[in-house]
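Peer 1: build me a structure from this.
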Amino acid sequence: MIDKPIVPHVLHCDEKHLKNIRDIFNEAILQTTALYEESPCSEATIAAWFAKKTG
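Peer 2: Numbers count the residues shown, from 1 in each chain. Predicted coordinates for the structure are as follows:
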């Protein structure tokens, strides 16, 4: 049997993805030690972060 290579799919995000990005961040903040945050991010915080990253 020949295994097929795993090819990642890269999604180019825009503002319509902010709710999903926020959900992922907040899950990581609340359930892991992966981020240096202690409180969930607001919509405004994620929007500002995204604008800075995509500026």
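Peer 1: what residue is smack in the middle of this structure?
Peer 2: residue 21 (3.7 Å; CA atoms, centre = their mean).
Peer 1: helix/strand/coil for that one?
Peer 2: On the three-state scheme (DSSP: H, G, I helix; E, B strand; the rest coil), residue 21 is labelled helix.
Peer 1: in contact with the closest residue to it other than its chain neighbours, which residues?
Peer 2: Nearest residue to residue 21, sequence neighbours excluded (CB to CB, 6 or more residues apart in numbering): residue 46, at 6.1 Å. The way it works is simple: take the backbone N, C-alpha and C, and place the C-beta from them, glycine included. Shown in contact with residue 46 (CB atoms under 8 Å, 6 or more residues apart in numbering): 18, 21, 22, 25.
Peer 1: surely the residue nearest to the centre of the chain touches residue 15?
Peer 2: No. Counting by CB atoms under 8 Å, residue 21 does not reach residue 15; the two are 9.9 Å apart.
Peer 1: please, which helix or strand holds residue 13?
Peer 2: Using DSSP states H and E, residue 13 maps to neither a helix nor a strand.
Peer 1: I'd guessed it sits against residue 21; true?
Peer 2: Yes. Contact criterion CB under 8 Å: residue 13 and residue 21 qualify, at 6.8 Å.
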